[in-house]
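Q: Below: sequence and its predicted model.
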Amino acid sequence: QVQLVESGGGLVQAGGSLRLSCVASGRTSSIAAMAWFRQAPGKEREFAATISMNGGSTYYADSVKGRVTISRDNTENTVYLQMNSLKPEDTALYYCAASRVRGFTIIAGGLYDYWGQGTQVTVSS
């Protein structure tokens with residue numbers, strides 16, 4: 001089993017920045033990729049960004065591309081999401097997820113095996 005704990009959310013004005021962190025514990029050697037998803041009130045959960053734990057390749061949703069950067073620190077089993085130029089529409093509960101599937105860029109939430117509890121990001125206009 002893998003446990004994921006997110007932190008770093010908060011209230012920020014439009015145009016501001018936040019850095020989210022996700023610390024993994026447990027059987028972290030089984031993790032092939034980690035990702036961030038988000039869910040706004042009344043909307044479905046959507047993919048934001050993913051990173052492979054071996055090689056560090058990344059992939060971003062069009063909605064966040066150019067404004068966010070996903071990175072990892074394998075020594076600390078931590079993944080980060082640096083978010084800049086935040087907009088009110090970025091307001092959501094942000095979830096960290098981990099997948100054991102290797103060799104593919106995965107954006108479907110159903111292929112992620114482990115999920116954190118989420119951290120709230122609120123962007124005021």
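A: The structure has been received and is ready for your questions.

Q: In contact with the closest residue to residue 9 other than its chain neighbours, which residues?
A: Sequence neighbours aside, residue 119 is the residue nearest to residue 9 in space, at 3.4 Å (criterion: Cβ to Cβ, 6 or more residues apart in numbering). From N, CA and C alone the C-beta is placed, and that goes for glycine too. Residue 119 makes contacts with 6, 7, 8, 9, 20, 93, 94, as judged by Cβ atoms under 8 Å, 6 or more residues apart in numbering.

Q: count of neighbours near the nearest residue to the last one once chain neighbours are set aside?
A: When you say that, I think you mean residue 94. The shortest distance from residue 94 to any residue other than its chain neighbours is 4.8 Å, reached at residue 38 (Cβ to Cβ, 6+ apart). Close neighbours of residue 38, defined as other Cβ atoms under 10 Å, add up to 23.

Q: name the helices or strands packed onto the strand or helix carrying residue 38?
A: When elements are defined using DSSP states H and E, residue 38 is found to belong to strand 33-39. Taking 3 or more Cβ pairs under 8 Å, 6 or more residues apart in numbering; DSSP states H and E as contact, the helices and strands that strand 33-39 lies on are strand 18-26, strand 46-52, strand 68-73, strand 78-83, strand 92-99.

Q: avg pLDDT for the fourth one?
A: Confidence for strand 78-83, expressed as mean pLDDT, is 98.

Q: Residue 8 touches residue 21, doesn't it?
A: Yes. With contact defined as Cβ atoms under 8 Å, residue 8 counts as touching residue 21 (5.0 Å).

Q: Mutual contacts of those two, please.
A: Contacts common to residue 8 and residue 21, judged by Cβ under 8 Å, 6+ apart, are absent.
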